[in-house]
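Chemist: how would this look folded up:
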Amino acid sequence: RWAAVVTVDDGSLRRGLVIDGNLALVVGGSAQGGATVQQIRDVRVSRDGVVAVLYEIENPGNPGNPLDRLQIGTQVVLQEGDAFDGGPTGVDGTLAGIFGFDHDVNQVAVGAFVEEATGGCTNLFFGATRTGGNLSIYGGIVQGEVLPDSVSGLPYVSPSDDCQTFPGGGACHAFNLASGGGGMPVRGLRSLGNLIAEDGQAGPAPNSVWNLEAHGRIRTNDSGDDVYTGQLTLSNGIDRGVVYQEGTPLAIEGGGLNGVLGGQVGEFQTASIAVADDGTPFFAVPMSVGSFQVLMAGSEIVLRSGLLGTQVDGTRIASLYASVEAQTFDITPDGMTVLQIAELATGEKALLLAERQVGDPVTCMAEPNSTGVPGGIDAVGSRFLAINDLSVVATDLPLNAFGYLAVSESTSFVANPGGSSGNLCIGPTVGRYVGQVQSSGLAGEITTTIDLLAIPSPTGFVTSAPGDTWYFQAWHRDAGPMGVTSNFTETGSVTVL
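Modeler: So this is what the prediction gives:
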């Protein structure tokens, strides 16, 4: 599933919440319980497909001061004005507002401020486990607390609106400490209970210190693979935007970028970042030469803007908004799909879905055909059921050889079936695309269009559902030393989303 906060183009310029292409919530419209929506601030989608949204609703008692509400799925889990039980944090009273949040499966992280029963308002950042509409808080950081690993030793003041949690529990977030004497709060980044960076702390580059005036940003995963961004102040007083992973530089303003030929990283303060479950870092930065921007997955360019920008339905990307401080993209937990805000060369604003890898290889003892190598298999297009634009390509086939694609919900192994020179690696139940028998031609390839709503099987067509995995292998004619024969390609799989 996907969700985004957008501007509704109906002349009102109201903010709206779009879920899977449908307008689900809009400023001025009704929310759960009939309350009128005053503002939509943020949305997050958990890996289990549950959408959570932070928005503001009308306050009948004080129309100029709308009420913050956090809704996860169909459940309102927090609302300004409700009683708040902070559990082990010791903060109890009335919820007075929400800075920001994240959720993943049953884990929730929230930055909030509470009007305590004893008087006064207290800021805190907490982690909680969700059961339906109830949150059970298991820990947090409270305003006034001096964190034991703080470099400055200043008390905690508040979280920022940016944080992340994950199914295993724990969280990372950006925060503010008390003013260090210059009038500005000291800012920092924490992950899984550990300090990652703090204003004035020695930086990872020689003779540098962290400068998180633009708040900085941090992302991590269940394994603790931290990716973080902010600025470093060098010994000559110059600030440089940086992106690091576990102390290793990924991008430094003014430096080169691994995987990008030519140019230097341009000026930025805080980059958009993410990290996949396998530790692959994602980040978007501007490049100073050629005035283009790149979204990277490690050293791989996922999207690029500018004169050589990635083409989207025949139109190139003009901007990835890599110089703004707001987060402009998100990824699926496996890192194979990216949702990116962009501007096209036509001037249109767009929300792009980029799939780094549609199919996955499957171990199969494929035999070489008459070309000297086994036939390959690749999936192109999209693995999303709602898009239904998938093709499977059999490659490295003998020229002008006839063949067709086969599909199954499982793998198997049958050596030399029917006297073939190859091995069948899918089954035992196999569907065949006999309606798309074709020649490999001079390219030595066969491309089969896959309708995810009509997968062939021995008993008829099957409709895919999200989570289904289909295994593909192509059969083709061939010629060997003993005369006419047949062979099978390697095997690939596609998991439908």
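Chemist: was I right about Ser191 contacting Phe166?
Modeler: No: judged on CB atoms under 8 Å, Ser191 makes no contact with Phe166 at a distance of 10.8 Å. C-beta: built from backbone N, CA, C; applies to glycine.
Chemist: higher neighbour count, these two?
Modeler: Phe166 (24 against 21; other CB atoms under 10 Å).
Chemist: show me what contacts Val91?
Modeler: Going by CB atoms under 8 Å, 6 or more residues apart in numbering, Val91 touches Phe84, Val114, Glu116, Thr122, Leu124, Gly140, Val142.
Chemist: again, but for Ser160
Modeler: Here Ser160 is in contact with Phe99, Gly100, Gly111, His173, Ala174, Phe175, Asn176, Arg187, His215 (CB under 8 Å, 6+ apart).
Chemist: Pick out the most distant pair among the contacts of Val91.
Modeler: The most widely separated members of the contacts of Val91, counting by CB to CB, are Glu116 and Gly140 (14.3 Å).
Chemist: Neighbour count for those two, which is higher?
Modeler: Neighbour count, other CB under 10 Å: between Glu116 and Gly140, Gly140 has more, with 23 against 16.
Chemist: Mind telling me what element that one is part of?
Modeler: strand 134-142 (DSSP states H and E).
Chemist: Okay, angle between the following helix or strand past that strand and strand 134-142 too, please.
Modeler: Tracing the chain C-terminally past strand 134-142 and defining elements by DSSP H and E, one meets strand 156-165 next. Angle of strand 156-165 versus strand 134-142, following axes from the mean of the first three to the mean of the last three CA atoms, to 10 degrees, is 130 degrees.
Chemist: just the CA coordinates of strand 156-165, formatted as CSV?
Modeler: Output of strand 156-165 as CSV, limited to C-alpha atoms (Å, rounded to 0.1, in the frame of the first residue of the first chain):
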residue,chain,number,x,y,z
TYR,A,156,16.6,17.2,27.2
VAL,A,157,14.0,19.7,26.0
SER,A,158,11.9,18.1,23.2
PRO,A,159,11.9,15.7,20.3
SER,A,160,11.6,17.0,16.7
ASP,A,161,8.8,15.9,14.4
ASP,A,162,11.0,13.3,12.8
CYS,A,163,11.4,9.7,14.2
GLN,A,164,11.3,6.0,13.3
THR,A,165,10.4,2.8,14.9
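Chemist: Next, the angle from the following helix or strand past that strand to strand 134-142.
Modeler: Using DSSP H and E, the helix or strand that follows strand 156-165 in sequence is strand 171-179. Counting by the same axes, to 10 degrees, strand 171-179 points 40 degrees away from the direction of strand 134-142.
Chemist: which residues touch whichever helix or strand comes after strand 171-179?
Modeler: Moving toward the C-terminus from strand 171-179, the next helix or strand (DSSP H and E) is strand 185-191. Applying CB under 8 Å, 6+ apart, the external contacts of strand 185-191 come out as 141, 147, 150, 152, 154, 157, 160, 172-180, 195-201, 212-213, 215-218, 220, 224, 226, 228, 230.
Chemist: What residues sit buried inside the strand holding Gly140?
Modeler: Leu135, Ile137, Gly140, Ile141, Val142 (16 or more other CB atoms under 10 Å).
Chemist: Contact partners for Ala406?
Modeler: Ile426, Val430, Gly431, Arg432, Tyr433, Phe472, Gln473, Ala474, Trp475.
Chemist: Apologies, that question was intended for Pro60.
Modeler: Pro60 touches nothing, counting by CB under 8 Å, 6+ apart.
Chemist: what's the distance between it and Gly29?
Modeler: 17 Å (CB to CB, to the nearest Å).
Chemist: swap in Val110?
Modeler: 25 Å.
Chemist: Can you pick out the residue with more neighbours from those two?
Modeler: Using other CB under 10 Å, the more surrounded residue of Val110 and Gly29 is Val110, with 28 against 14.
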